[in-house]
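**Q** could you look at this predicted model? Sequence included:
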Amino acid sequence: MGLREKILDRSAKIGVIGLGYVGLPLAVEFGKAGYTVFGIDVNKGRVDDVKARHSYIQDVSDDDMGSLVAAGKLVATTDYTVLKQIDAVSVCVPTPLRKTRDPDIQYIVDSTAKIRECIHPQMLIVLESTTYPGTTDEILLTEFENAGLKVGQDFYLAFSPERVDPGNPVYGTHNTPKIIGGVTPACTDLAQLLYSNVVERVIPVSSTRAAEMVKLLENTFRAVNIGLVNEIAIICDKLNINVWEVIDAAASKPFGFMPFYPGPGLGGHCIPIDPLYLSWKLKSFNYNARFIELASEINTHMPEYVTTKIARVLNRSKKAVHGSRILVLGAAYKKDITDVRESPSLDVIKLLHEEGAEVDYSDPFVPELHVEHATLHSVPLTAENLRRYDCAVVVTDHTCFDYDLIVSESALVVDCRNAVRKPAPNVVKL
Ligand SMILES: NC(=O)c1ccc[n+]([C@@H]2O[C@H](COP(=O)([O-])OP(=O)(O)OC[C@H]3O[C@@H](n4cnc5c(N)ncnc54)[C@H](O)[C@@H]3O)[C@@H](O)[C@H]2O)c1
């Protein structure tokens, strides 16, 4: 039976490499669609968790995942050799930056080498990790062709960017449209056929490079607009204008304006990182991607800006940052999620600590937080605890925070997210 028939009658065996925020929900969707899925991860702890039917990803319920594991439809393993029996594999490994802020594609390179060891006729490989245009062709295609195989004939290769938005109650893997670009039309066709069984809408594009670029346009669009509005916040502060009021009023325009909001800096595994994959690639063309670099500079500077603002606010109460007790509200990079990767809270805590403040944090989603100087534990948000601090800083606007309590019991509040809606004399906005 050919791959097309196996996809259609659900007998195709699917592999997902990397069971993280992207890979685990995808594996569950393939399982729910009736396929048998093998999830491969180098992290044994994660593999053991899946086997124990314990989901470590907020958007995947224990029930959804557990029932698939119990039925033998989702099998987690650290053993790559299962790929020998797999018909289609999606690669969802991390694509971070190095310390020098250049792309680190080692995880893609490693998994490509492992796939090559097991590649077999008619196998479909889809890269999902966000990366610079050209990666699928230059890394994966080259590696497999070096094994003597012909793309579109012996194996199929495509790129399909993930668009997962952790914590989004409306859009998940199943109902977020998916872009697919294959190396050849046959590659696009087969990848589209497979994904259209798990995702409501699949949009083919003409090449892997176009698909890679789509994701980078989406995330660069966000990074640049957030950079712009962060600069507008700094400008408004200088002019003594409330930036939040200005944005809300501008958003009343029914066309030609889309509101973005300032904040203490970017977080997560996408927006602070992905645009730099693009600007890095452009350097080899002797081109400086100015919007990306400028937005990155402004956004990266925001935790420092917040720290300066806290110092100014404390100064008005005749206090120095040095020796002050400061409670950072929120460790996760955005509201109502557990993810602290690249979170601006980490930078704000570090900078305040360097200035001599005694810093604690409160975040019911993050019981423990590793910062450079220490491991901190979340302080329960009680009236008694709030009264112990000279200043509370809202870095993450979790829905569960009691903002009335925060305002009534804190000496000073610096609100970086416009989370406190009632004006109060002790509240200062970003
Ligand atoms: N998290 C998001 O919101 C999001 C959204 C869209 C796109 N993406 C992109 O998706 C990709 C994955 O991101 P994520 O957030 O799921 O990362 P993650 O860190 O949550 O998960 C990646 C998993 O891959 C595993 N892994 C690493 N190397 C491996 C290897 N060689 N073989 C097998 N497993 C390996 C890790 O142990 C980890 O469990 C990245 O390129 C990211 O930019 C992420």
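**A** Cool, the structure landed.
**Q** can you name the residue of the stretch 251-400 of the chain nearest the ligand?
**A** His269 (4.4 Å; CB to the nearest ligand atom). Quick note: C-beta positions are derived from backbone N, CA and C, even for glycine.
**Q** again with the chain
**A** The nearest approach of the chain to the ligand comes at Gly20, 1.7 Å away (CB to the nearest ligand atom).
**Q** re the thing from before, for Glu368, see how far away the residue of the stretch 251-400 of the chain closest to the ligand is.
**A** Using CB to CB, to the nearest Å, one gets 20 Å for the distance from His269 to Glu368.
**Q** of those two, who's got more company?
**A** Set side by side, His269 and Glu368 give different neighbour counts by other CB atoms under 10 Å, the larger being at His269 (20 against 11).
**Q** wait, is the residue of the stretch 251-400 of the chain closest to the ligand part of a helix?
**A** No. Counting by DSSP: H, G, I helix; E, B strand; the rest coil, His269 falls outside a helix, being coil.
**Q** local confidence estimate at the residue of the chain closest to the ligand?
**A** In the predicted model, Gly20 carries a pLDDT score of 95.
**Q** gap between the residue nearest to the spatial centre of the chain and Lys253?
**A** Computing the C-alpha centroid of the chain and ranking residues by CA atoms, centre = their mean puts His269 first, at 3.6 Å. Using CB to CB, one gets 33 Å for the distance from His269 to Lys253.
**Q** list of residues touching stretch 404-422?
**A** Outside of stretch 404-422, the residues within contact range by CB atoms under 8 Å, 6 or more residues apart in numbering are 244, 261-264, 306, 309-310, 313-314, 317, 327, 329, 335, 381, 383, 386-387, 389-397, 401, 403, 424, 426-430.
**Q** mind listing what's buried in it?
**A** 406-407, 409-420 (16 or more other CB atoms under 10 Å).
**Q** following the helix or strand hosting Val16, which helix or strand shows up next?
**A** Counting by DSSP states H and E, the secondary-structure element that holds Val16 is strand 13-17. The helix or strand immediately downstream of strand 13-17 is helix 23-32, counting by DSSP H and E.
**Q** same for that following helix, what does it pack against?
**A** Using 3 or more CB pairs under 8 Å, 6 or more residues apart in numbering; DSSP states H and E, the elements in contact with helix 23-32 are strand 13-17, strand 36-40, helix 62-70, strand 74-77.
**Q** and among the ones you listed, the most buried is which?
**A** strand 13-17 (a mean of 26; mean count of other CB atoms under 10 Å).
**Q** okay, buried residues for the helix or strand that contains Asp48 please.
**A** With secondary structure defined by DSSP H and E, Asp48 is part of helix 44-51. The neighbour-count check on helix 44-51 (16+ other CB under 10 Å) flags Arg46, Val47, Asp49, Val50 as buried.
**Q** so which of these also contact the ligand?
**A** Under the cut-off given by CB under 6 Å from any ligand atom, the ligand has Arg46 from the buried residues of helix 44-51 close to it.
**Q** dump the buried residues of helix 44-51 into JSON lines; add pLDDT and distance to Lys6 as well.
**A** Formatted as JSON lines, the buried residues of helix 44-51 follow (pLDDT from 0 to 100; distance: CB to CB, whole Å):
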{"residue": "Arg46", "pLDDT": "98", "distance to Lys6": "28"}
{"residue": "Val47", "pLDDT": "98", "distance to Lys6": "25"}
{"residue": "Asp49", "pLDDT": "98", "distance to Lys6": "29"}
{"residue": "Val50", "pLDDT": "98", "distance to Lys6": "24"}
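**Q** sweet, I'm off.
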